[in-house]
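# Structure here, sequence nowhere to be found:
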């Protein structure tokens, strides 16, 4: 546990199943959802209404996180997320790679202005989508590692990937962190990522941030990622 606003715990395995039926609690608000997304697209034409996976419920059994998930569209997801405290039987659920240098500092990215999370700073990762589902089973590790390669151009196989997951609950957010430590110092990793971003036509990130301690968390680091970093800096096992 890290403070009253966050719950942090660890699990060794995941069993995540995607159920049919969509998100009926949100579909009752479809007209409002479509109008809100139309306004978002008018302000940012780079957005598109793809499919995403959200978490409905979970339990922890013998170190395994057992969860039920469902599929919805990005329009419903962004409308709901903007509401904040109204959960509508869902959690904003995603896997992230806690990218760590050999010096113990973390590397995060600042989202580009063309994204739905412009300016936010957090680890490589993202909301899972149907590409991550096989026979109804969600592969969150595969989702997180794919995002690492797509967003920052790194392969987790170059580093030491820890088994298990660190979970941070904060309001509607349910973030799972997969720790990967590289031999290079964080500043050197950041330089590699910066070169990768410069080679991309439209990179998802606009900047790379090294988080070496509390003073670096003054950046616009999202709360759940900041809580995770503080937990690790405090000597979490």
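It's in. Note that the coordinates shown come from a computational prediction; the quantities given were computed from them, not determined experimentally.

# What are the boundaries of the strands in the protein?
Ranges of strands in the chain, per DSSP state E, are 7-11, 13-18, 51-61, 64-73, 92-100, 106-111, 121-122, 124-126, 133-134, 137-138, 160-161, 165-170, 173-181, 205-211.

# show me what contacts residue 192?
Contacts for residue 192 (C-beta atoms under 8 Å, 6 or more residues apart in numbering) come out as 153, 154, 184. All C-beta spots, glycine's among them, are computed from the backbone N, C-alpha and C.

# Could I get the average pLDDT for stretch 22-38?
Stretch 22-38 shows a mean pLDDT of 97.

# Same check on stretch 177-187?
The average pLDDT within stretch 177-187 is 98.

# about what we covered before: so which of the contacts of residue 192 is the most crowded?
Tallying neighbours with other C-beta atoms under 10 Å puts residue 154 at the head of the contacts of residue 192, with 21 neighbours.

# Please report how far that one lies from residue 83.
Noted for residue 154: a distance of 34 Å to residue 83, by C-beta to C-beta, to the nearest Å.

# swap in residue 56?
Between residue 56 and residue 83 the computed distance is 17 Å (C-beta to C-beta).

# When the two are compared, which one has more neighbours?
A direct count of neighbours by other C-beta under 10 Å for residue 56 and residue 83 places residue 56 higher, at 18 against 12.

# Just to check, that one is in contact with residue 87?
No. The pair residue 56 and residue 87 does not pass the contact test of C-beta atoms under 8 Å, sitting 10.1 Å apart.

# Contact partners for the residue nearest to residue 73 when sequence neighbours are not counted?
Among residues not flanking residue 73 along the chain, residue 49 sits closest, at 5.3 Å (C-beta to C-beta, 6 or more residues apart in numbering). Shown in contact with residue 49 (C-beta under 8 Å, 6+ apart): 37, 73, 74, 75.

# I'm done for today, thanks for sticking with me.
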